[in-house]
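Visitor: can you look at this prediction? I've put the sequence above it.
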Amino acid sequence: ILKTENTIRMYLVLKNLEMLSDLTNITNLKISTNNLITKERRSSGIKRAILVFILIVFSFSASAATECKKSDQLIVDHNIIFPDTIDNKLKDQKNFPTVIFLHTSGGYKKYHKDMMDFLKAGFAILSVDYFSKYCIKNSNRYSTFSTYRENTENDFVNLLEDIKKNKRIDSNNLFSYGRSMGNVWSSYLAGSNLVNAGAGAYGVWRGKSDTSYPQKYFTENSSPFLILFGKKDSITTWDRHGKIAEKVMQKNKNIQLHLYENAGHTWNYDGECKKHMEFCQDGYHPEVHKDSQMRVINFFKTNLKGK
């Protein structure tokens with residue numbers, strides 16, 4: 001059964017062709033596949049052809065109606081999970097250091113397994129969807145900083161101002177962690193001193209032709225940053241991305257690089273590989289994933305303030 005608003009549009013088109021003269025109550029209209037087949041059998045060859053044409057046009061109009069529209073919302077979509085969600089012993093803790101989780105070019109997902117390690121370590125997780133506001137998908141992923149860079153920078157500033165009002169978030173201890181495309185915005189947050197420290201794994205360090213960002217965010221005064229990179233990465237390759245990350249280290253003594261000789265891209269995906277093979281070209285590497293999680297957590301712990 002078609003959804004009501006789409007059914008109404010379909011009804012109006014068919015009504016104009018006098019093919020639904022026997023259906024007068026539009027609010028109760030329901031069209032099933034069997035109904036359509038019955039209609040076709042009653043129709044002449046010409047009417048059948050017209051109906052097929054209308055269905056094709058309707059399918060395109062329905063798709064167009066659901067196309068993404070850029071949003072003017074001030075605060076980007078996000079979700080917060082606190083450690084006491086999994087550990088009741090922490091329910092009396094006043095606030096929590098918080099890691100801003102930044103998704104890959106695959107879009108906003110809830111990496112429950114990844115988040116669990118940080119929650120167990122006592123960090124709250126703030127996962128941010130920085131794509132949807134601008135209708136960005138994997139196909140136009142580089143527009144996040146080629147077209148919408150300044151907009152997205154402002155989005156993060158507004159988001160941080162907003163979440164600092166949450167008394168359960170320790171605003172003196174904010175961190176950022178981004179993988180692949182998320183590395184760009186983790187670099188922005190750390191490079192601009194908006195967080196205590198940041199980290200990026202198998203990160204994007206350049207655009208298709210522009211190599212300015214995200215390395216331009218870093219100065220000698222930027223917050224500490226941990227770069228994790230796989231030497232066998234076939235997507236953000238060492239020659240195109242890793243060597244730029246290596247140069248970033250020269251800007252700030254607090255920027256560290258750890259290189260995994262036998263790891264590639266998306267080393268943290270396991271079951272997801274079966275569903276999203278495009279993100280798993282280099283395969284799941286459980287040892288590297290486990291080591292990278294602990295490295296990031298320990299790096300953030302060393303940069304906690306007042307703890």
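Guide: Sure, I can see it. Numbering: from 1, shown residues only.

Visitor: contacts and neighbour counts: CA atoms only from here.
Guide: Will do.

Visitor: quick check: the gap between K70 and I136.
Guide: According to Cα to Cα, to the nearest Å, K70 and I136 sit 9 Å apart.

Visitor: the two: which is more packed in?
Guide: I136 (19 against 11; other Cα atoms under 10 Å).

Visitor: give the contact list for that one.
Guide: Counting by Cα atoms under 8 Å, 6 or more residues apart in numbering, I136 touches 143-144.

Visitor: report the separation between it and H78.
Guide: Using Cα to Cα, I136 is found at 16 Å from H78.

Visitor: likewise for D129?
Guide: Distance from D129 to H78, by Cα to Cα: 6 Å.

Visitor: and N196, by the same measure?
Guide: Distance from N196 to H78, by Cα to Cα: 20 Å.

Visitor: what's the answer for N172, then?
Guide: Distance from N172 to H78, by Cα to Cα: 20 Å.

Visitor: got it, and A190?
Guide: Counting by Cα to Cα, the separation of A190 from H78 is 19 Å.

Visitor: who has more neighbours out of those two?
Guide: Using other Cα under 10 Å, the more surrounded residue of A190 and H78 is A190, with 24 against 14.

Visitor: ok, the more buried one - contacts?
Guide: Contacts of A190 by Cα under 8 Å, 6+ apart are 175-176, 196-198, 218, 222-225.

Visitor: so it, which state does it fall into?
Guide: Secondary structure, DSSP: H, G, I helix; E, B strand; the rest coil: A190 is helix.

Visitor: tally of neighbours for the closest residue to N158 other than its chain neighbours?
Guide: Distances taken as Cα to Cα, 6 or more residues apart in numbering put I75 closest to N158, at 6.3 Å, once the chain neighbours are dropped. Residue crowding around I75 was assessed by other Cα under 10 Å; the count is 18.

Visitor: these two touch, right, I75 and N154?
Guide: No: using Cα atoms under 8 Å, I75 is not in contact with N154; the gap is 9.7 Å.

Visitor: what distance do you get for V204 to F218?
Guide: For V204, the distance to F218 - Cα to Cα - is 15 Å.
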